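1. Starting from these lines, generate the structure:
(chains A and B)
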There are 2 protein chains.
Amino acid sequence: MIGFEVSARSGLARAGRLSTPRGAVETPAFQAVATQGSVKALSAEDVAESGARILIMNTYHLWLRPGPERVAEQGGLHAFTRWPHAITTDSGGFQAFSLAALRRADEDGFEFSSHLDGARLKLTPEEAMRIQGLLGSDIAMQLDVCPPGGAPREELVRAIERTTRWAERCLAARRGEQAVFGIVQGGTDVELRLEHAETLARLPFQGLALGGFSVGEPIARMYEALAVVAPRLPAERPRYLMGVGTPADIVRAIGWGIDLFDCVMPTRNARNGQVFVRSGRLVIKNARYKDDPLPLDPDCGCPACRGGYSRSYLRHLYLAREILCHRLLTAHNLWFYQELVRAARAAVLRGEFAIWSAATLARLEPDAATTTAGSGAGS
Amino acid sequence: MIGFEVSARSGLARAGRLSTPRGAVETPAFQAVATQGSVKALSAEDVAESGARILIMNTYHLWLRPGPERVAEQGGLHAFTRWPHAITTDSGGFQAFSLAALRRADEDGFEFSSHLDGARLKLTPEEAMRIQGLLGSDIAMQLDVCPPGGAPREELVRAIERTTRWAERCLAARRGEQAVFGIVQGGTDVELRLEHAETLARLPFQGLALGGFSVGEPIARMYEALAVVAPRLPAERPRYLMGVGTPADIVRAIGWGIDLFDCVMPTRNARNGQVFVRSGRLVIKNARYKDDPLPLDPDCGCPACRGGYSRSYLRHLYLAREILCHRLLTAHNLWFYQELVRAARAAVLRGEFAIWSAATLARLEPDAATTTAGSGAGS
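-> Purely as a prediction, here's the structure:
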């Protein structure tokens, strides 16, 4: 089982400590995505070296291959993947929708065809908990219904109601000491979100997550909803914003009281040659880097920057499609995200989150910051 | 410039020391292939950790991209690729034949179209030396003419004669302190090989290589030729067998007096899921490994085996096409090759190469060894 305590607050932002059977995780924390049991292009050691102490793995993918029974026989995900720290598994519902050929979604669960071999499969709340129990993650996510961005209110209501019933079924089916988080839905409708959060807060979940953000809605709508909903999630439990987001999204969401994140952005963007740096982003294939002897970020301690790999060489590796490029850029981006949440935590502990947040957003989004600052100064 | 001394002999096998401006290389040595300036899937640190102290990089590929002028501006290949140890570059002729659309080969050189953008390029002995000089490798290879396996005698003779004239042009065009190796051709014709070796031995090359093996000829013909030719290469200079081979090939060739090797086999086979182990080879995708908790080789010290990654997990990564699989299997195979040449060297130093070689070949090729042993025992 897990424990959670908030050590400090600065405005609505929190610095906390999540205790898990695999050690403590300082929050705010970013969970890198190890979809199939590996953070793409990195070893477990590389990931730990970035400072990460919790990963999220994918129930749908691991269910299909190699199968939860096989993972259980090998001692569970920690032993199998050589990641000794905390692991969250999502419930698989999102992928059953997005990757598989969904055939039927009813009160019982999802019926769909495997994207690997077309096999007919059924994911129910009970099956989601059985699979996650076999995988042996520290935190399991409930099976939920996640409507797309812009779904009409009636669809949001139906999704919420079913998600609540599935929440109860997941809790009834939980196994052993595994922690389970509930997932709040409701799109960008603040009223629905608050109501659903209140409902799920009454259930014995160890944490609550916000699902159904970053699914196609305008970012301003997400911000508006988050700013109201996040601070009103139960204060004594960890608050997890699923699938979000850019560095600026994360800074803002921490400011609204979120503790946990996951997103494919640092790892996926790295494989597309997009690198996060203090001043924004750098696209390594750009011709301007062809003779650039500097590392990605001269002040960064990641293996790529510390190792002295120049932008010129990294650009060459990218154009030559060398695997090493994926690894070095992924390591860098993951360090960037880890440094970001570490810096946010330090700012909360100093009681200066608002100052840090404004400075960081101004650096990450120089154009937006100038406009805002300009308006504020009346110029 | 380089130096070379033979420290010990055991039969025809030699243990030596190649001194380069980037440090000493103990021989026999295996050069991993870093075609485009990166051993595929590994960092420079990973490669060095395997014990490797010399790599071979590809003049043709680096000429086309990123270009030798750019590499020179970045301080040469060592600085550019972060590989601080010795580097050999091949001359590019082999790839001009095999990868590019060759348009014309005459006394002056090769005219061909780039495989990247179709650009018309000309590779002459002088250009090959200019490019390698800019790349800044420690050992440059002469431009040579390499006929395919089974080429008729007249073609072999013409290739040898032109290779000799190009040898002289390369030596005349050499730059600064870069060492240059000559390349002996002649297919599997022992008489031609010996004659060409004698001709090139009279030129001031720092080492001699055997090119044109493992180009489609039957392996028995290669062995027959190598067994005669290798021991008669100049004893005081390093002897380099290009593009060979399997672990058994390498053990045999060391026994005939070869000091240096290069081959894509450990790295390329790794990416295809083929793993070298003491008893032969292991194909990681095979169903027999699906529940196998053992590392690839429990006695191996490579990052994959030492890290405790199981065959079951590696098979999963292979089937899931995870990049980490390439890296772990490549690291393992490279360690295997490095351990092999280290063990061979130790056997030479002990004066027991023949015993070690017989035992090693029996392990690597159990079927072949049984047959031979059976014949020898009259059974």
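
2. Next, give phi and psi for the residue nearest the centre of chain A.
-> Nearest residue to the geometric centre of chain A (C-alpha atoms, centre = their mean): A:Asp262, 0.8 Å. Here is the backbone geometry of A:Asp262 (degrees, to the nearest 10): phi -150, psi 150.

3. Please name the spatially closest residue to it (chain neighbours excluded).
-> Among residues not flanking A:Asp262 along the chain, A:Gln31 sits closest, at 4.0 Å (C-beta to C-beta, 6 or more residues apart in numbering or on different chains). For the C-beta atoms, the positions are set from N, CA and C on the backbone; glycine is no exception.

4. again with A:Ser113
-> A:Ser113 sits nearest to A:Ala101 (C-beta to C-beta, 6+ apart), 4.3 Å away.

5. re earlier: quick check, pLDDT for the residue nearest to the centre of chain A.
-> For A:Asp262, the model assigns a pLDDT of 98.

6. pretty sure it is in contact with A:Ile56, am I right?
-> Yes - here A:Asp262 reaches A:Ile56: they are 4.5 Å apart, a contact under C-beta atoms under 8 Å.

7. Spell out which residues are contacts of both of these two.
-> Between them, A:Asp262 and A:Ile56 share these contacting residues under C-beta atoms under 8 Å, 6 or more residues apart in numbering or on different chains: A:Gln31, A:Ala32, A:Val33, A:Thr88.

8. which strands and helices sit next to the host helix or strand of the second one?
-> In this case it means A:Ala32. Using DSSP states H and E, A:Ala32 falls within strand A:29-34. Applying 3 or more C-beta pairs under 8 Å, 6 or more residues apart in numbering or on different chains; DSSP states H and E, we find strand A:29-34 packed against strand A:54-57, strand A:260-262, helix A:265-271, helix A:323-350.

9. Can you list the buried residues in the third one?
-> Taking 16 or more other C-beta atoms under 10 Å in any protein chain shown as the neighbour-count basis, helix A:265-271 is seen to contain the buried residues A:Met265, A:Pro266, A:Thr267, A:Asn269, A:Ala270, A:Arg271.

10. who does the following helix or strand past it pair up with?
-> Remark: after helix A:265-271, the chain's next helix or strand is strand A:274-277, criterion DSSP H and E. As defined by DSSP bridges, the strand partners of strand A:274-277 come to strand A:280-283 (antiparallel).

11. hmm, back to that, make CSV out of the helices and strands packed on strand A:29-34 and add distance to B:Ala151.
-> Shown next, in CSV, are the helices and strands packed on strand A:29-34 (distance: least, C-beta to C-beta, whole Å):
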stretch, distance to B:Ala151
strand A:54-57, 55
strand A:260-262, 59
helix A:265-271, 44
helix A:323-350, 36
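
12. need the contact list for A:Cys263.
-> By C-beta under 8 Å, 6+ apart, the residues touching A:Cys263 are A:Phe30, A:Val33, A:Gly243, A:Val244, A:Gly245.

13. Chain A against chain B: which residues are in contact?
-> Residues of chain A lying close to chain B by C-beta under 8 Å from any C-beta of the partner chain are A:36-38, A:40-45, A:61, A:65-66, A:70, A:73-74, A:80-82, A:290-291, A:293, A:303, A:307-310, A:312-313, A:315-317, A:319-320, A:322-324, A:326-328.

14. Now the buried members of those.
-> Buried members of the residues of chain A next to chain B, scored by 16+ other C-beta under 10 Å, are A:36-38, A:40-44, A:61, A:66, A:70, A:74, A:80-82, A:303, A:309-310, A:312-313, A:315-317, A:319-320, A:322-324, A:326-328.

15. rewinding a little: looking at the buried residues of helix A:265-271, which is nearest chain B?
-> Chain B has its nearest neighbour among those in A:Arg271, at 8.6 Å by C-beta to the nearest C-beta.

16. gap between the closest residue to the closest one other than its chain neighbours and A:Lys40?
-> Nearest residue to A:Arg271 in three dimensions, chain neighbours excluded: A:His326, at 5.1 Å (C-beta to C-beta, 6+ apart). Distance of A:His326 to A:Lys40, given as C-beta to C-beta, to the nearest Å: 7 Å.

17. any shared contact partners between these two?
-> When C-beta under 8 Å, 6+ apart defines a contact, the residues bordering A:His326 and A:Lys40 alike are A:Arg271, B:Ile323.
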